[in-house]
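Visitor: What would the 3D arrangement of this be:
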Amino acid sequence: MNATNELIALLDEALKQDDFIKLTLSKTKRKTDDLKRVIVKPVALKTGKKISFQYQYQRRDEVKNHEPEQIAALVKAMLEEQFLEANMFTIKEHIMLLTNNKGSSRLIISPLQETPKLDLLHDKQKTRLIDARKPHWFLLGLTDRSGNILPSMQHKFKQINKYIEILEPLIMQLGQENEIHIADMGAGKGYLTFALYEYLTHKNANKIFVTGVEQRQELAEKTQNIALKAGFEQLQFVTGNIDSFQTEKLDVLIALHACDTATDDAIATGIKAGAKLIVCAPCCHKQIRNEMKAPFDALPMLRFGILFERQAEIITDTLRALIMEKYGYKSQIQEFIDAGHTPKNLLLTGIKTEKHADIKGLNEKIENLKKQYGINEHYLEKALHGIKPAS
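Guide: As a prediction, this is how the structure comes out:
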């Protein structure tokens with residue numbers, strides 16, 4: 001039995017035993033597909049128990065309810081035609097199906113240490129990846145002593161869970177490393193850093209080491225003390241800047257709050273350290289915006305300030321992606337919306353590959369793009385000066 005059929009059999013059994021909690025289908029086979037994700041979960045309606053399918057398209061969501069006996073066939077069809085990844089939660093297990101572009105798939109089954117609660121309220125179910133009852137969340141100021149999320153921190157807690165949902169499948173692509181060393185650059189108050197450590201140590205059999213890097217000494221010291229009180233031996237916080245951070249081993253570099261060229265410093269730090277995965281959420285694209293001298297006659301849309309600004313953002317992140325590819329990373333830019341329904345953000349990721357990069361071709365693309373928009377140099381090129389590309 002192949003991995004996909006095995007997942008379908010487990011899904012069918014979970015539905016029959018009433019153990020099914022949630023299933024998420026993601027990572028489309030074709031980047032051009034409008035449908036990006038499907039979330040499957042049980043709901044209780046007046047007409048009885050149904051299975052809800054939430055179809056998340058590029059710019060809209062649709063919800064359809066189906067009978068339980070229809071689900072296995074529907075999910076199998078979507079896995080065969082559209083999606084490469086599936087994450088299923090039952091009362092006892094987390095089951096992950098990973099399929100590569102060549103069609104080879106594998107199934108990862110992990111037991112859950114705590115039984116998730118099944119909430120059948122229609123459109124209200126929220127499977128949280130982080131346990132708010134853990135004492136460190138009280139120490140961090142997100143909950144009261146009973147583990148209830150403070151009203152003022154509800155949005156922040158949802159946002160943390162959203163980030164973990166995004167990061168988890170990326171980190172899982174690293175495979176079965178004995179140890180995984182992660183650096184969170186610009187850790188701030190440590191919310192995401194603690195969440196990463198809690199989730200990965202709970203879920204992953206590997207030994208997880210997480211370092212939060214924060215330039216404000218008082219924050220780094222406060223979060224380090226909380227980590228010690230929580231007994232998190234492989235979680236530490238250090239005072240430092242992104243561009244000066246050094247470590248003996250780095251597998252994953254994350255920078256979700258780095259502004260302008262700090263994003264480039266983070267990418268450069270990851271490349272220099274040989275990180276297997278780099279994840280950034282760029283913002284404040286000032287450097288390229290200040291350098292762009294594109295002629296309005298050739299590019300008339302740049303006469304308008306807001307379009308000029310947006311084009312600067314696109315050019316900045318496109319150049320970052322191309323430069324990362326020069327250094328042996330498979331780059332991807334995707335869109336995500338945080339739990340607070342704020343404006344859309346971009347997530348730039350790079351996964352280290354063993355393939356030799358087409359240095360000549362990439363250099364031509366980079367230089368042509370810079371020439372078209374009158375750009376002398378991207379800051380990331382400067383930050384990587386002297387580092388040999390993956391030729």
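Visitor: ok, which stretches of the stretch 101-250 of the chain are strands?
Guide: For the stretch 101-250 of the chain, the strands defined by DSSP state E, counting those that start in this stretch cover 105-111, 179-185, 207-214, 235-239.
Visitor: Name the residues of the longest one that are buried.
Guide: Taking 16 or more other C-beta atoms under 10 Å as the basis for neighbour counts, the residues of strand 207-214 that come out buried are 208, 209, 210, 211, 212, 213, 214. C-betas here are computed from N, CA, C, even on glycine.
Visitor: hang on, the earlier thing: out of the strands of the stretch 101-250 of the chain, which comes closest to residue 280?
Guide: Distance to residue 280, taken as C-beta to C-beta, is lowest for strand 179-185 among the strands of the stretch 101-250 of the chain, at 8.8 Å.
Visitor: Would you list the strands that the closest one pairs with, along with their directions?
Guide: Sheet pairing of strand 179-185 (DSSP bridges) gives strand 207-214 (parallel), strand 252-255 (parallel).
Visitor: ok, residues contacting the last one?
Guide: Which is strand 252-255. Strand 252-255 has contacts (C-beta atoms under 8 Å, 6 or more residues apart in numbering) with 167, 171, 174, 180-186, 192, 196, 242, 262-263, 266-267, 269-270, 273, 275-281.
Visitor: what mean pLDDT does the very next helix or strand once past it have?
Guide: Using DSSP states H and E, the helix or strand that directly follows strand 252-255 along the chain is helix 261-273. For helix 261-273, mean pLDDT rounds to 93.
Visitor: Mind putting the strands paired with strand 179-185 into CSV with mean pLDDT and distance to residue 54?
Guide: Below are the strands paired with strand 179-185 laid out as CSV (pLDDT from 0 to 100; distance: least, C-beta to C-beta, whole Å):
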stretch, mean pLDDT, distance to residue 54
strand 207-214, 93, 31
strand 252-255, 94, 27
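Visitor: mind listing what's buried in stretch 225-240?
Guide: 226, 227, 230, 232, 234, 235, 236, 237, 238, 240.
Visitor: Mind picking the two most distant members of those residues?
Guide: 230 and 240 (21.8 Å).
Visitor: Helices along the stretch 201-350 of the chain, start to end?
Guide: Shown for the stretch 201-350 of the chain, the helices assigned by DSSP state H, counting those that start in this stretch span residues 217-229, 261-273, 286-291, 305-326.
Visitor: Run the angle between the first one and strand 207-214 for me.
Guide: Following axes from the mean of the first three to the mean of the last three C-alpha atoms, to 10 degrees, one obtains 160 degrees for the angle between helix 217-229 and strand 207-214.
Visitor: Which neighbouring elements make contact with helix 217-229?
Guide: On a contact count with 3 or more C-beta pairs under 8 Å, 6 or more residues apart in numbering; DSSP states H and E, helix 217-229 meets helix 135-139, helix 191-203, strand 207-214, strand 235-239.
Visitor: Tell me which residues are up against that helix.
Guide: Contacts for helix 217-229 (C-beta under 8 Å, 6+ apart): 135-136, 139-140, 187-190, 193-194, 212, 214, 235-239.
Visitor: Dump the helices and strands packed on helix 217-229 to JSON lines, plus distance to residue 335.
Guide: Output for these, formatted as JSON lines (distance: least, C-beta to C-beta, whole Å):
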{"stretch": "helix 135-139", "distance to residue 335": "29"}
{"stretch": "helix 191-203", "distance to residue 335": "19"}
{"stretch": "strand 207-214", "distance to residue 335": "26"}
{"stretch": "strand 235-239", "distance to residue 335": "30"}
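Visitor: Can you say which of the ones you listed is nearest to residue 311?
Guide: Of all the helices and strands packed on helix 217-229, helix 191-203 comes closest under C-beta to C-beta, at 30.0 Å.
Visitor: Need the phi and psi values for the residue of the chain most remote from its centre.
Guide: Centroid-distance maximum for the chain: residue 297 at 39.3 Å, with C-alpha atoms, centre = their mean. Backbone geometry at residue 297, expressed as degrees, to the nearest 10, gives phi -60, psi -40.
Visitor: Dump the strands paired with strand 179-185 to a markdown table, plus distance to residue 152.
Guide: Converted to a markdown table, those look like this (distance: least, C-beta to C-beta, whole Å):
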| stretch | distance to residue 152 |
| --- | --- |
| strand 207-214 | 22 |
| strand 252-255 | 25 |
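Visitor: Those: which one's closest to residue 15?
Guide: Of all those, it is strand 207-214 that lies closest to residue 15, at 32.9 Å by C-beta to C-beta.
Visitor: tell me the angle that closest one makes with helix 191-203.
Guide: Strand 207-214 and helix 191-203 are oriented at 180 degrees to each other (the same axes, to 10 degrees).
Visitor: Just the angle for strand 207-214 relative to helix 261-273, thanks.
Guide: Angle, strand 207-214 to helix 261-273, by the same axes, to 10 degrees: 140 degrees.
Visitor: Export strand 207-214 to CSV, keeping only CA atoms.
Guide: The C-alpha trace of strand 207-214 is given here as CSV (Å, rounded to 0.1, in the frame of the first residue of the first chain):
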residue,chain,number,x,y,z
LYS,A,207,17.0,17.2,19.8
ILE,A,208,16.0,20.8,19.3
PHE,A,209,18.3,23.8,20.1
VAL,A,210,16.8,27.2,19.8
THR,A,211,18.5,30.6,20.2
GLY,A,212,16.7,33.9,20.3
VAL,A,213,18.9,36.8,19.3
GLU,A,214,17.8,40.2,20.5
